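Build me a model from this:
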Amino acid sequence: MYEQPRSRSRLQREADGADSPPRGRPKDTNLSPSVGPKAVPVATENAGQGSGGEAVLEVEGVYIISVAARILDMHPQTLRKYERLGLINPGRTIGMLRLYSAEDIKKVRLIRYLSDELGLNLAGVEFALAAYANLTAIKQRMASRLEAIPVAQQMVQEEMDLLFKSLNLPVDR
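Residues are numbered from 1 along each chain as shown. As a prediction, this is how the structure comes out:
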């Protein structure tokens, strides 16, 4: 049978002087998870009709676990562990493949920041994620209620940003 050539390991690339992919979090990466999932249209037979007569189904996830793990530079088993603990909840295909959205990727980056940079264990990460979600929801509710009063909206925005910074959480914009 035909066997595909294996890619060289990171150690082999470094020994040969080839550049290895950068590790860690880029400085300008937005760590905050977005509020709502973004849907991607996918053609299926059982969904409603889209333009052109083709069926369209909205799906939340866009990356399978191996691609998400490569993007995040982590082992797929770590993503499975985060899912088992309820820290992330990727979508699933009919065949039960995990599908990670851009929001899931951002959330895993936030989890990594909380554990690696702030030194929280996974129980602390779970607590911090719940607090972060609540603070973000409060911030959005207050902003929507103060739409007619731009000065008050700006003051609330600044105070919430200070609160996020004091807790070493990324500011959600």
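
need the helices for the protein, in chain order.
Listed in chain order, the helices of the chain (DSSP state H) span 10-15, 65-72, 76-84, 102-112, 122-145, 150-166.

Worst mean pLDDT among those?
For the helices of the chain, mean pLDDT drops lowest on helix 10-15, to a mean of 47.

So what's the residue count around the closest residue to residue 124 other than its chain neighbours?
Computed as Cβ to Cβ, 6 or more residues apart in numbering, the closest residue to residue 124 that is not its neighbour in sequence is residue 114, at 7.3 Å. For glycine as for every other residue, the C-beta is placed from the backbone atoms N, C-alpha and C. Applying other Cβ atoms under 10 Å, we find 25 residues neighbouring residue 114.

Contacts only, for residue 114.
Contact analysis of residue 114 by Cβ atoms under 8 Å, 6 or more residues apart in numbering lists 120, 124, 125, 128, 129.

Which residue is the nearest non-sequential neighbour of the fourth one?
Leaving out its chain neighbours, the residue that sits closest to residue 128 by Cβ to Cβ, 6+ apart is residue 114, at 5.3 Å.

and if you look at the third one?
Beyond its immediate neighbours in the sequence, the residue positioned closest to residue 125 (Cβ to Cβ, 6+ apart) is residue 114, lying 4.8 Å away.

what's the spacing between that neighbour and residue 75?
According to Cβ to Cβ, to the nearest Å, residue 114 stands 18 Å off from residue 75.

swap in residue 100?
In this view, residue 100 and residue 75 are 14 Å apart by Cβ to Cβ.

Between these two, tell me which one has more neighbours.
Between residue 100 and residue 75, counting by other Cβ under 10 Å, residue 100 is the more crowded of the two (25 against 10).

Cross-check the contact I'm expecting between that one and residue 65.
Yes: between residue 100 and residue 65 a contact is recorded at 7.0 Å, counting by Cβ atoms under 8 Å.

got any residues that touch both of these two?
Counting by Cβ under 8 Å, 6+ apart, the common neighbours of residue 100 and residue 65 are 79, 90.

re the thing from before, quick check: which of the helices of the chain is nearest to residue 96?
Closest approach to residue 96 among these (Cβ to Cβ): helix 65-72, 11.2 Å.
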